[in-house]
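Engineer: Kindly generate the corresponding structure for this input.
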Amino acid sequence: MTSKHVAGPTLDEFEAARATVAKVAQSTPMETSRYLSSLLGSEVFLKCENLQRTGSYKLRGAYNRLSQLTPDERAKGVIAASAGNHAQGVALAARELGIKATIFMPLGVALPKLEATREYGAEVVLAGNIFNESLKAAKERAAETGAIFIAPFDHEHVITGQGTLGLEILDEVPDVDTIIVPIGGGGLISGVASAVKQKAATLGRTVRIIGVQAENAAAYPPSLAAGEPVNVEVQPTICDGIAVARPGTLNFDIIKDTVDEVVTVSDDDTARALVMLLERAKLVVEPAGAVGVAAIMAKKIKKSGKTVAILSGGNIDPLLLQRIVGHGLAASERYLKLRVMLPDRPGQLARTAEIVSEQNANVVEVLHTRHGRGLQISEVELELHIETRGKEHRKQVVKALRDEGYKVRISDDI
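Structural biologist: Numbers count the residues shown, from 1 in each chain. From the prediction side, this is the model:
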């Protein structure tokens, strides 16, 4: 099979990788989303790589890369660096192929990702506070020992393996018009964009590819503007899986020729998307895997026919998920924190709770103090954490309390 060549591996190489990757990777579900379809005005599908073996798409690229190693290279073992998903992909691929794997991970890596990597049989070395520091340590160890370094995104065989996801999408939604892809270093989107553009060309079609980055770790917009990869300072973000300071060199060359647009989303946008996926789609997705959905919900994506958003991973620490859900509810204006000044006399706490209940809102936490700054001797301050149904319901609750004569302040530090 041949096609007009665009940047990246050839379509024949993608098809060959597909046969290789099929030995370990599942064909993941493609779900529809009526909620997102109504927001975008076009039919929206969710490609659930969060349900892939190891919990992310990374297994595809890792297995394809390790499968290309010679017997001598396999005997030397492999080394990788990862915040979690690449680690698990390499660890499982190495186990399946009988190769010794050593994985360098940041010190603050999520516990489920750390434990899963070890359970797949890899040796884990914790080094550095961010991915780039782990990456440096891994490359140094590889140079010292002669082990084969397995790049997380900047290698042709990794890119080819990730691109098999694009071919799968075209099989499942043949008339797809737009594919939305998370971007960190660029391994997934460079593979998907190259494979899809080439395959679509053989069918006489065009498909729009949109990349999404976390705004606190968005190296691609300035790099594309500069025409070459540039470094950015990565700020704290819940999207640790795509928090990469510099685009991959091979990835960038492909992306600049095959990706139609790159947009960014905030952590609040992503938290809202995670809550929506839990509530409406019943899917557990890690923050980096949900940025495509976040972009739709934040109206960063224009209506453009049938749209597939890739949910690239589902590996999330339950404790982080708990915090993100709370933050997402607040960002969606469904969680309200109020400070209410009350006269210090019996029955006032019960009355405020009654007012909230009359508005069909739910009090989930209460703090009652006489010692707040600015309080009169005859006053107490009541802090209420309330679940609401959204913006208008919040206003209704606040108005009801104020109409009863209470002094109410809305607090944003949830």
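Engineer: in the protein, which helix or strand is least confident?
Structural biologist: strand 362-369 (a mean of 76; mean pLDDT, DSSP states H and E).
Engineer: The helix or strand just after that one: how far from the chain's middle?
Structural biologist: Where DSSP states H and E defines the elements, the next helix or strand beyond strand 362-369 is strand 379-387. Distance, stretch centre to chain centre, for strand 379-387: 34 Å (C-alpha atoms, centre = their mean, to the nearest Å).
Engineer: Walk me through the domains of this structure.
Structural biologist: For the chain, the structural domains run 11-57+155-329, 58-149, 333-411, going by automatic domain parsing.
Engineer: mind showing which ranges of the chain have poor pLDDT?
Structural biologist: The model of the chain has pLDDT under 70 over residues 1-5, 368-378, 412-414.
Engineer: do you know how far the residue nearest to Arg205 when sequence neighbours are not counted is from Asp267?
Structural biologist: Counting by C-beta to C-beta, 6 or more residues apart in numbering, Arg205 lies nearest to Asp175, which is 7.9 Å off, once chain neighbours are set aside. C-beta coordinates here come from the backbone N, C-alpha and C atoms, glycine included. Distance, Asp175 to Asp267, using C-beta to C-beta, to the nearest Å: 34 Å.
Engineer: Counting neighbours, go ahead and name the busier of these two.
Structural biologist: Comparing Asp175 with Asp267 by neighbour count (other C-beta atoms under 10 Å), the higher total belongs to Asp267, at 21 against 11.
Engineer: Show me what the host helix or strand of Thr102 is packed up against.
Structural biologist: For Thr102, the element it lies in under DSSP H and E is strand 101-105. On a contact count with 3 or more C-beta pairs under 8 Å, 6 or more residues apart in numbering; DSSP states H and E, strand 101-105 meets strand 78-81, helix 85-97, helix 111-119, strand 123-126, helix 131-145.
Engineer: tell me which strands and helices the second one is in contact with?
Structural biologist: Translated: helix 85-97. Using 3+ C-beta pairs under 8 Å, 6+ apart: helix 85-97 touches helix 58-67, strand 78-81, strand 101-105, helix 111-119.
Engineer: tell me which residues of the longest one are tucked away?
Structural biologist: Spelled out, it's helix 58-67. Counting neighbours by 16 or more other C-beta atoms under 10 Å, one finds that the buried residues in helix 58-67 are Lys58, Leu59, Arg60, Gly61, Ala62, Tyr63, Asn64, Arg65, Leu66, Ser67.
Engineer: Closest one of those residues to His393?
Structural biologist: Distance ranking of the buried residues of helix 58-67 against His393, using C-beta to C-beta, places Lys58 first at 40.7 Å.
Engineer: OK, contacts around the closest one?
Structural biologist: If a contact means C-beta atoms under 8 Å, 6 or more residues apart in numbering, then Lys58 has Ser82, Asn85, His86, Gln88, Gly89, Val90, Pro152, Gly313 as its contacts.
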